[in-house]
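**Q** only geometry, no sequence info:
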């Protein structure tokens, strides 16, 4: 601040904000997402430097959030991969015993096969979700019978629901729609799969297809354990599993896939 007779002039120093911005930018490029720049107000209040600083800090916060999500995703994937791999490794080691009875040998081989299936399903779902989130999959609309598609999806789990003696109740209208049949089959397969997995033996699964005004409603319900009300905001998060005791029955990616397909 300097004066002349009858005049007051204000001078904004640009060197200090540039110096701080340069230091913060270098920190950000080296992976320090906690970097922030302190606002530099002039005597008249907010100036152009403060606008730039505010945008920089916003960008740093968003990058920090993305980095946290990336770290959580890697940790979750690593954990999900370790479990079936540990099963395969342990049972493969026990199968090498020459004195192993045939009954146990078959049981161990079955456990390895199931772990390999879970591993394949996990990797497939990760790749699908990655393509959907990066918009590498584009809907290809065709005209098809939605009721027929739902019936085929239900029959795809026939062995599982017969084994658990589940009652399957369907009420499916014959409705033709124009949409991406392959993407929608992911939705129905995941919802019906969850219903079969989490319904106790002897329970009931219902699938409905109805037209309501200009909408078409598909509803899948079951008599299983359900979803706690406080978990409603998290069920579409990747790797989230509300009931830890049932975590071996899935990998927490099914509903994330469903949500992404529906969004598309």
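**A** That came through, no problem. Just so it is clear, the structure is predicted and the values come from calculations on it, not from any experiment. Numbering: from 1, shown residues only.

**Q** okay, now the unreliable bits of the stretch 1-150 of the chain?
**A** 1-18, 20, 40-47, 65-77, 79-80, 136 (pLDDT under 70).

**Q** please enumerate the helices of it.
**A** Using DSSP state H, counting those that start in this stretch, the helices of the stretch 1-150 of the chain run over residues 15-29, 48-95, 102-133, 146-155.

**Q** so how far is the shortest one off the chain centroid?
**A** Think helix 146-155. 25 Å (CA atoms, centre = their mean, to the nearest Å).

**Q** same question for stretch 189-203.
**A** Averaged C-alpha coordinates place stretch 189-203 at 20 Å from its chain's average position (CA atoms, centre = their mean).

**Q** mind listing what's buried in it?
**A** Buried residues in stretch 189-203, counted by 16 or more other CB atoms under 10 Å: 189, 190, 191, 192, 193, 194, 195, 196, 197, 198, 199, 203. Just so you know, the C-beta spots here come from the backbone N, C-alpha and C atoms, and that holds for glycine as well.

**Q** one more: stretch 124-134?
**A** Those would be 125, 126, 128, 129, 132, for stretch 124-134 by 16+ other CB under 10 Å.

**Q** cool, stretch 23-34 as well?
**A** Buried residues in stretch 23-34, counted by 16+ other CB under 10 Å: 24, 27, 28, 33.

**Q** and what of stretch 173-185?
**A** 179, 180, 181, 183, 184, 185.

**Q** picking up where we left off before, specify which member of the buried residues of stretch 23-34 is nearest to residue 52.
**A** Closest approach to residue 52 among these (CB to CB): residue 24, at 11.0 Å.

**Q** isn't that closest one right next to residue 36, touching?
**A** Yes: between residue 24 and residue 36 there is a contact under CB atoms under 8 Å: 7.0 Å.

**Q** need the residues touching each of the two.
**A** Common contact partners of residue 24 and residue 36 (CB atoms under 8 Å, 6 or more residues apart in numbering): residue 60.

**Q** let me know the closest of the buried residues of stretch 189-203 to residue 162.
**A** Closest to residue 162 out of the buried residues of stretch 189-203 is residue 196 (10.3 Å), distances taken as CB to CB.

**Q** the closest one: what's it in contact with?
**A** Residues in contact with residue 196 (CB under 8 Å, 6+ apart) are 157, 160, 161, 164, 166, 205.

**Q** backbone torsions only: list them for it.
**A** phi -70, psi -40 (degrees, to the nearest 10).

**Q** distance of it relative to residue 151?
**A** Remark: distance between residue 196 and residue 151 (CB to CB, to the nearest Å) = 15 Å.

**Q** give the bridge partners for residue 143, please.
**A** Going by DSSP bridges, residue 143 is paired in beta bridges with residue 178.

**Q** number of residues surrounding it?
**A** The tally of other residues near residue 143 (other CB atoms under 10 Å) stands at 9.

**Q** identify the residues contacting residue 173.
**A** Going by CB under 8 Å, 6+ apart, residue 173 touches 147, 209, 210, 211.

**Q** so of those, which ones are in helices?
**A** Of the contacts of residue 173, the ones assigned to helices by DSSP state H are residue 147.

**Q** tabulate the contacts of residue 173 in TSV, adding columns for neighbour count.
**A** Output for the contacts of residue 173, formatted as TSV (neighbours: other CB atoms under 10 Å):
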residue	neighbour count
147	19
209	19
210	13
211	10
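
**Q** need the contacts of residue 173 in a markdown table with distance to residue 19, can you?
**A** Below are the contacts of residue 173 laid out as a markdown table (distance: CB to CB, whole Å):
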| residue | distance to residue 19 |
| --- | --- |
| 147 | 68 |
| 209 | 65 |
| 210 | 66 |
| 211 | 66 |
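
**Q** what is the nearest of the contacts of residue 173 to residue 86?
**A** Using CB to CB, residue 209 comes nearest to residue 86 of those, at 41.6 Å.

**Q** got a list of what that closest one touches?
**A** By CB under 8 Å, 6+ apart, residue 209 lies in contact with 146, 147, 150, 171, 172, 173, 175, 216, 217, 218.
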